[in-house]
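Q: Quick one, structure for this:
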Amino acid sequence: MQLRTTFVDTNILIYSHDIHDEAKHRAAENLLAQLWTSGLGILSTQVLQEFYSAATRKFRPPLTPTQARQVVGDYSEWCRVDTDPLLIISASRLSEQHSINFWDALIIEAALRAGATELVTEDLHHGRRFSQLTVRNPFCAQ
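A: Purely as a prediction, here's the structure:
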């Protein structure tokens, strides 16, 4: 039996560190805490890059570069996929085939490459499947 591994999209990591939406902040924090405890969290270099950029530019107040680097360093343990040319090509095909945003397709392809069974994000339809990967929006009532 395969473990249910969870690929974390950038928006979940962002909500866990941005307190402006208290309900989403708490939900994201709780989810990430569960994944730390279970050891089943996965992400990619794309997620870490996007987090750093958003945290240092879009948060109000923004994280300092040192604070953002610390988060990236902490979550680097979960990083199982680097963005490479083959991932980009696969994502571009997935984007075309499923009429989804390229950046979302890149996340999906990274999650599939990492062997994840679940993708937590608010950017795709809850319950949608891509091969063995199921999309789950942790913010919708279930």
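
Q: contacts, neighbours, all on C-alpha from now
A: OK.

Q: Now do the longest helix along the chain, average pLDDT.
A: Longest helix in the chain, counting residues (DSSP state H): helix 22-38. When pLDDT is averaged over helix 22-38, the result is 96.

Q: Can you mark which positions in that helix are buried?
A: 24-29, 31-32, 35 (16 or more other Cα atoms under 10 Å).

Q: can you give me how far that helix is from the chain middle?
A: With Cα atoms, centre = their mean, to the nearest Å as the basis, helix 22-38 stands 13 Å off its chain's centre.

Q: and which of the buried residues of helix 22-38 is nearest to Trp103?
A: Ala28 (20.7 Å; Cα to Cα).

Q: Pretty sure the closest one sits against Tyr15.
A: Yes - taking contacts as Cα atoms under 8 Å, Ala28 lies within contact range of Tyr15: 6.0 Å.

Q: returning to that earlier point: what's the next secondary structure element after the longest helix of the chain?
A: Per DSSP states H and E, helix 22-38 leads on to strand 41-44 as the next helix or strand towards the C-terminus.

Q: Quick check: mean pLDDT of that following strand?
A: The model assigns strand 41-44 a mean pLDDT of 97.

Q: Which parts of it count as buried, going by neighbours?
A: For strand 41-44, a neighbour-count test (16+ other Cα under 10 Å) marks 41-44 as buried.
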